[in-house]
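In: Return a 3D structure for these sequence lines:
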Amino acid sequence: MNRYCTSCGQLTTKEADNLFVCPDGHRNFVDQAPAAVVYVIKDNQVLFGLRSIEPNIGKLNTPGGFLNLGESAEDAALREVREELGINIKIIDYLGSYAVDYADSNKPVLCITFVAEYQGDEIIPGDDLNAGSPVWRSINDLPKVDELSWSWQMKAQEDLVKWYQNNNPDNVN
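Out: Sure, this is the predicted structure:
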């Protein structure tokens, strides 16, 4: 993928994974775009929506999206869950961060991922998770890679299971 200088428009040369320099010496850094992602849990169940836009229409996905300017990851997590599932949540823990390329587009994204508790509101799919009725999946039967919108979610699910075992040992086989 060609990258052009944000100062002068000339073609740049890659000097490091995140540094591109044009012939005039302007340094152009490519940083990860931050996104908030949320695993909503209730008892031993995890809530998934169905993706309604490309890429990956119809695949299971957790609510999440890019942070707005000036927005914290926690505030973005709360906003995204309201926009995509119509519910309020209580963030109970930070699960981890996952450095990925968005939809294999060479756009680096840092998915800041939380675990949250479902607060009992009516689930109303919206935004890009409205391709059908959301589904609850047992922590013991989470989606496989071919059911998920993004392959990186397999690692996050592994971490979620470990987190759940450490925090709810009586509820996991």
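
In: and the longest helix for the protein?
Out: Secondary structure assigned by DSSP state H gives helix 153-167 as the longest helix of the chain.

In: ok, the residue nearest the centre of the chain to T6 distance?
Out: The residue lying closest to the centre of the chain (CA atoms, centre = their mean) is V37, at 3.8 Å. For V37, the distance to T6 equals 28 Å [CB to CB, to the nearest Å]. Glycine gets a C-beta too; all of them are placed from N, C-alpha and C.

In: wouldn't A33 be in contact with I112 here?
Out: No - the pair A33 / I112 is not scored as a contact, 11.0 Å apart, by CB atoms under 8 Å.

In: what about these two, which has more around it?
Out: Taking other CB atoms under 10 Å, A33 and I112 do not tie; I112 has more neighbours (22 against 13).

In: Run through the residues that contact the more buried one.
Out: I112 sits next to P34, A35, A36, V37, A73, A77, Y94, S97 when contact means CB atoms under 8 Å, 6 or more residues apart in numbering.

In: Can I have the buried ones of these as a PyMOL selection?
Out: To isolate in PyMOL the members of the contacts of I112 that are buried, counting by 16 or more other CB atoms under 10 Å, one can use:
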select buried, resi 34+35+36+37+73+77+97
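
In: Restricted to strands, list the contacts of I112.
Out: When DSSP state E defines the strands, the subset of the contacts of I112 inside them is P34, A35, A36, V37, Y94, S97.

In: State the distance from the residue nearest to Y94 when sequence neighbours are not counted to N68.
Out: Nearest residue to Y94 in three dimensions, chain neighbours excluded: F114, at 5.8 Å (CB to CB, 6 or more residues apart in numbering). Look at F114 and N68: by CB to CB, they are 17 Å apart.

In: With A77 instead?
Out: Between A77 and N68 the computed distance is 12 Å (CB to CB).

In: again with Y102
Out: Distance from Y102 to N68, by CB to CB: 16 Å.

In: who's more crowded, those two?
Out: Y102 (16 against 10).

In: number of nearby residues for A16?
Out: Neighbourhood size, A16 [other CB under 10 Å]: 9.

In: and if you look at I92?
Out: 12.

In: Who are the packing partners of the helix or strand hosting it?
Out: Take DSSP states H and E as the rule and I92 turns out to sit in strand 89-101. If contacts are counted by 3 or more CB pairs under 8 Å, 6 or more residues apart in numbering; DSSP states H and E, strand 89-101 sits against strand 33-42, helix 73-85, strand 108-118, helix 153-167.
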